[in-house]
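Asker: predicted model and sequence below, questions to follow.
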Amino acid sequence: MTVSNRIKQALEGSSWIRRMFEEGAELKAKLGPDQVFDFTLGNPDLEPPPEFKKELLAAAQDTRPGLHIYMANAGLVPARQAIAHHLSKVHHLDFKTDDIVLTCGAGGAINIILKALLDPGDEVVVLAPFFPEYLFYVDNHGGTTRVVETDAHFQLDLHRLEQALSPRTRVVIINSPNNPTGQVYEAAALKELGRFLTHHAGRHGRPVYLLADEPYRRLVYDGLDLPSIFAAYPNTLLATSFSKDLSIPGERLGYAAVSPRATGRGELFAGMVLANRILGFVNAPALMQRVVAHLLEVSVDMGYYARRRDLFSEVLEQAGYDFVKPRGAFYFFPKAPGGDDLALVARLKEENILAVPGRGFGRAGYFRLAFCVPEEVIRRAAPGFARARG
């Protein structure tokens, strides 16, 4: 055996997203890219906003010495100051520079938070459907995952969630707007969740932290005002990135933020800074920190995604699929006709349409479609969706 048992098991149960993406690459090589309709990967296809390229050029042309050396593990102070000011304005709380740690994407942020919080055997509650990497992230740091189902409309099921809490519960992860469903959790439900967690922590004498994974925060539709997660619960930690709103996922820049109301605020910050170093991230990319510090009010044009969402809704409705229209992000999560997501994905593949089975996200019987693709791809796939529906 060349790899550890844990990695061997992880490889065998690895992400359905990547598996379908790789199958798609083979199909494209065989048929040609223009003959394959690939909705597998949430990889933004929009170019970054013009402001990004302007700031990138300015940063690249800056010839001052020492701009590319090691820095404090938390990141550049001016970038952290700018983010703290931005969060204070958005959430009406007094964030400080030492509440912010710049990270290698939202994944890096989640990992340093879990590293700072978990002892072996501590439990992390994850809401299904969920981003599949959460399970690996929890395992990375010796935690145990407890999966809790959301309701039929992918909203919080507070009764199930309350039942899942135990004396070992340390973290509850929420993702809104959600991958894979595109749904947004309601403010009233989040506040009720906050009350549950406050009561639970009081009974057991140990803080429970709410980890909000929000890389899609700005990708919302129909004028939706996304509720502040920090208003729902004092012990909240934010993990986010610039991958989706600036369309720069390959640049790997995000941050973790500690609520100004959190228990152990300073110790949490120190723990995450240490975790950033000892997990091998060391610090987030220096060039990107200098660039995005000037772009906290900037995002891609959401009109492109909104038009694609509406077009895809028409395609799926006309083909007879049952789905909840997404309110954010760039995913549909329809029911698989007949209830077998693997069979439906196989039928779609026969139509050269690539989708991801819902079981990869903890909810069998559904399938995910990413609509960060040109509108023409959605239009041309429409007949195949109808034929696969039967």
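Answerer: Sure thing, it's come through. Numbering: from 1, shown residues only.
Asker: from Val36, how far out is Ala286?
Answerer: Separation of Ala286 from Val36 (Cβ to Cβ, to the nearest Å): 38 Å. C-beta: built from backbone N, CA, C; applies to glycine.
Asker: same thing with Gln155?
Answerer: Counting by Cβ to Cβ, the gap from Gln155 to Val36 is 34 Å.
Asker: same check on Glu376?
Answerer: Distance from Glu376 to Val36, by Cβ to Cβ: 13 Å.
Asker: compare these two (neighbour count), which wins?
Answerer: The residue with more neighbours, out of Glu376 and Val36, is Val36; 20 against 10, by other Cβ atoms under 10 Å.
Asker: show me the contacts for the more buried one.
Answerer: Listed by Cβ atoms under 8 Å, 6 or more residues apart in numbering, the contact set of Val36 reads 24, 27-28, 352, 354.
Asker: PyMOL command for the buried members of these?
Answerer: Remark: buried members of those, expressed as a PyMOL selection using 16 or more other Cβ atoms under 10 Å:
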select buried, resi 24+27+28+352+354
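Asker: narrow the contacts of Val36 to those in strands?
Answerer: Among those, the ones falling in strands (DSSP state E) are Leu354.
Asker: format the contacts of Val36 as a markdown table; extra columns: pLDDT.
Answerer: Output for these, formatted as a markdown table (pLDDT from 0 to 100):
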| residue | pLDDT |
| --- | --- |
| Gly24 | 77 |
| Leu27 | 84 |
| Lys28 | 82 |
| Asn352 | 95 |
| Leu354 | 95 |
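Asker: from the contacts of Val36, which is closest to Arg252?
Answerer: Using Cβ to Cβ, the shortest approach to Arg252 within the contacts of Val36 belongs to Gly24, at 23.3 Å.
Asker: my read: that closest one touches Phe37, true?
Answerer: No: assessed by Cβ atoms under 8 Å, Gly24 is found out of contact with Phe37, at 9.3 Å.
Asker: list the residues that contact both of the two?
Answerer: Residues touching both Gly24 and Phe37 by Cβ under 8 Å, 6+ apart: Leu354.
Asker: the stretch 151-300 of the chain: helices as residue ranges?
Answerer: 158-164, 187-204, 229-232, 265-278, 286-292 (DSSP state H, counting those that start in this stretch).
Asker: let me know the secondary structure of Gln81.
Answerer: Following DSSP: H, G, I helix; E, B strand; the rest coil, the label given to Gln81 is helix.
Asker: what helix or strand is Val148 on?
Answerer: strand 144-149 (DSSP states H and E).
Asker: for that strand, which positions count as buried?
Answerer: 144-148.
Asker: give me the residues contacting it.
Answerer: For strand 144-149, contacts defined as Cβ under 8 Å, 6+ apart pick out 121-128, 130, 134-135, 138-139, 157, 160-161, 164, 166, 168-169, 362-363.
Asker: try stretch 266-274
Answerer: Contacts of stretch 266-274 (Cβ under 8 Å, 6+ apart): 72-74, 98-99, 101, 112-113, 115-117, 237, 256, 258, 262.
Asker: from the residues you listed, which is closest to Phe371?
Answerer: Set against Phe371, the nearest of the contacts of stretch 266-274 by Cβ to Cβ is Ala256 (28.6 Å).
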